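# My questions are about this predicted structure, shown below with the sequence.
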Amino acid sequence: MPGRTNSIGRHLPTSGGLAGTVEAARELGCETVQIFVSNPQAWADPRGRQDADTFVAGSRELGISPVVAHAKYLINLASTSEEQRDLSVLALAHELAAAGALGVDLVVVHAGSHGGDGEEKGMERLVEGLGRARERAAGLDGAPGAVAEPVIENSVGAGTQLCSTFEDLGEVARRGGVRVCVDTAHAFVAGYDLSAEGGGRRVAAELVDVVGDAVALVHLNDAKNELGSNRDGHRKVGEGRIAIDAWPGFFDGLPGIPVVMETPYGTPEADSEEVLLVKKLAGGLRKAPIGR
Ligand SMILES: [Zn+2]
Ligand SMILES: [Zn+2]
C-alpha cells in the first residue's frame with residue numbers, strides 16, 4: 001500500500017466557541033472538519049461571529065483542509081412551493097457567504113425533495129436554484145471576496161427525495177456545474193452494498209465511473225439501518241451494518257478525496273480512537289504526499 005491520501009476528520013460542535021472547535025480538531029487529530037454556520041433546523045440567517053478570525057487563523061495553522069460546513073436541513077431548492085424555493089435560495093446564499101467569511105471551502109447541501117412533481121421537474125428546480133443561490137451569494141452586501149462552494153449530497157431515497165443514486169448526483173453535477181458529497185450510510189440504505197465481498201472497492205469504482213472528478217467529499221458514516229431500507233441513521237464506523245473490511249478498498253478507489261465523519265459523538269477518547277481507526281483503514285497514520 002503506497003500510503004494514505006485521504007484527509008480524515010469529523011463534524012465538530014461550535015457551541016463552545018470556534019476556538020474550542022479548533023482545539024477539538026487538534027485533540028482528535030482531524031485533518032479536515034465540518035461545522036454548522038447557523039442553526040440547521042431554523043431559518044434564521046447565520047450571524048457574523050466575533051471569533052471568526054480565531055477560527056480562520058487556527059484552522060490554517062493546523063493545516064485543516066478542506067474546511068467544510070453543512071447547510072441548513074430546511075433548504076429545499078426543489079420544493080413544489082415557489083415561496084419555499086425562494087426562501088431556500090436566499091438561505092443558501094447567506095450560508096455560502098457566511099461560510100466564506102470563516103474560510104470554509106465547501107458547503108454541503110441536501111438535494112431536496114420534488115414533493116410529488118416528479119424527478120425531472122425536481123432536478124430542473126434544483127439546478128436552477130443552485131445557480132440563483134450562487135449568484136445571490138456573490139452579490140450579497142458585505143460578502144467577502146471568497147464565497148464557499150456548494151456541494152450536493154446524496155439522499156437515502158425516502159419519499160420523493162432527489163439524488164439517492166450516483167447517476168442523479170452525476171446529473172446535478174453536470175447540469176448545475178457543481179461538485180458532490182457522497183454519504184456512505186445514505187448510499188448503503190439506498191441500495192449500494194458496501195458490505196458485500198469486495199463491495200467497498202466496487203461501490204467506489206461505480207461512483208468514480210458515474211460522477212468522475214466531481215466527487216468533492218465523502219461523509220463516512222456507518223449505517224444504522226439495513227441495505228435498501230431508505231432509512232437514515234448514522235453509527236460510528238464499525239458499529240453499524242457496514243462491514244469494516246469494506247473501507248480499505250473503498251478508500252483505495254477514491255484517492256485524495258477528503259473524508260468527514262458525522263457519527264454520533266462519544267467521549268473525546270472514543271472520538272479520537274475513531275479518527276485513528278479510519279486513518280488506519282485509509283492506509284495508515286501518516287499522510288502520503290498528494291498525488292502519491
Ligand atoms: Zn447531510
Ligand atoms: Zn444521514
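That came through fine. Numbering: from 1, shown residues only. Ligands and ions are numbered 1, 2, ... in the order given.
# residue contacts, residue 180?
Counting by Cβ atoms under 8 Å, 6 or more residues apart in numbering, residue 180 touches 151, 152, 153, 154, 169, 172, 173, 211, 214, 215, 216, 217. The C-beta positions use only the backbone N, C-alpha and C, and glycine is treated the same way.
# Tell me which two in these are the farthest apart.
Every pair in those was compared (Cβ to Cβ); the two farthest apart turn out to be 172 and 217, at 14.5 Å.
# So the nearest residue in space to residue 35 that is not next to it in sequence: helix, strand or coil?
If the residues on either side of it in the chain are set aside, residue 35 comes closest to residue 14, at 5.1 Å by Cβ to Cβ, 6 or more residues apart in numbering. Per DSSP: H, G, I helix; E, B strand; the rest coil, the secondary structure class of residue 14 is coil.
# quick one: residue 195 and residue 246 touch, right?
Yes: with contacts counted by Cβ atoms under 8 Å, residue 195 reaches residue 246, the gap being 5.9 Å.
# still on that earlier bit, just the contacts of residue 180 now: which is nearest residue 189?
Compare each of those with residue 189 using Cβ to Cβ and the shortest gap goes to residue 154, at 10.6 Å.
# Residue 184 and residue 219 touch, don't they?
Yes: contact criterion Cβ under 8 Å: residue 184 and residue 219 qualify, at 6.7 Å.
# These two - which one has more neighbours?
Neighbours per residue (other Cβ atoms under 10 Å) separate residue 184 from residue 219, with residue 184 holding more: 28 against 25.
# List the contacts of the more buried one.
Taking Cβ under 8 Å, 6+ apart as the definition of contact, the neighbours of residue 184 are 194, 218, 219, 220, 221, 222, 223, 242, 250.
# returning to that earlier point: burial measure for the residue nearest to residue 35, as a count.
Using other Cβ under 10 Å, residue 14 is surrounded by 17 other residues.
# I'd like the distance from it to residue 46, if you could.
11 Å (Cβ to Cβ, to the nearest Å).
# repeat for residue 137
When distances are taken as Cβ to Cβ, residue 137 and residue 46 turn out to be 12 Å apart.
# With neighbour numbers in mind, choose between these two.
Using other Cβ under 10 Å, the more surrounded residue of residue 137 and residue 46 is residue 137, with 24 against 20.
# That one contacts residue 98, correct?
No: here residue 137 does not reach residue 98: they are 9.4 Å apart, not a contact under Cβ under 8 Å.
# re earlier: let's see which of the contacts of residue 180 end up in strands.
When the contacts of residue 180 are checked against strands (DSSP state E), the matches are 151, 152, 153, 215, 216, 217.
# Now for the last one, how many residues are close by?
Going back to what we said before, that points to residue 217. Tallying neighbours of residue 217 according to other Cβ under 10 Å, which is how burial is gauged here, yields 23.
# Tell me how far it lies from residue 4.
Summarising the geometry, the distance separating residue 217 from residue 4, computed by Cβ to Cβ, is 16 Å.
# Check the first one too.
With distances defined as Cβ to Cβ, the gap from residue 151 to residue 4 amounts to 22 Å.
# returning to what we had before: most neighbours of all the contacts of residue 184, which one?
When neighbours are counted as other Cβ under 10 Å, the busiest of the contacts of residue 184 turns out to be residue 220, with 29 neighbours.
# Now do that residue against residue 263, distance only.
Applying Cβ to Cβ, the value for residue 220 to residue 263 is 8 Å.
# How about residue 201?
As defined by Cβ to Cβ, residue 201 lies at a distance of 22 Å from residue 263.
# Please say which of the two ends up with more neighbours.
More neighbours surround residue 263 than the other of residue 201 and residue 263, with 23 against 17 (other Cβ under 10 Å).
# In terms of helices and strands, where is the more buried one?
Residue 263 belongs to no helix or strand when assigned by DSSP states H and E.
# Can you point out the buried residues in the helix or strand residue 58 falls within?
Using DSSP H and E, residue 58 sits within helix 52-62. Of the residues in helix 52-62, those scored as buried under the neighbour-count criterion (16 or more other Cβ atoms under 10 Å) are 54, 55, 56, 58, 59.
# wait, what's in contact with the third one?
With contact taken as Cβ under 8 Å, 6+ apart, residue 56 is in contact with 102, 103.
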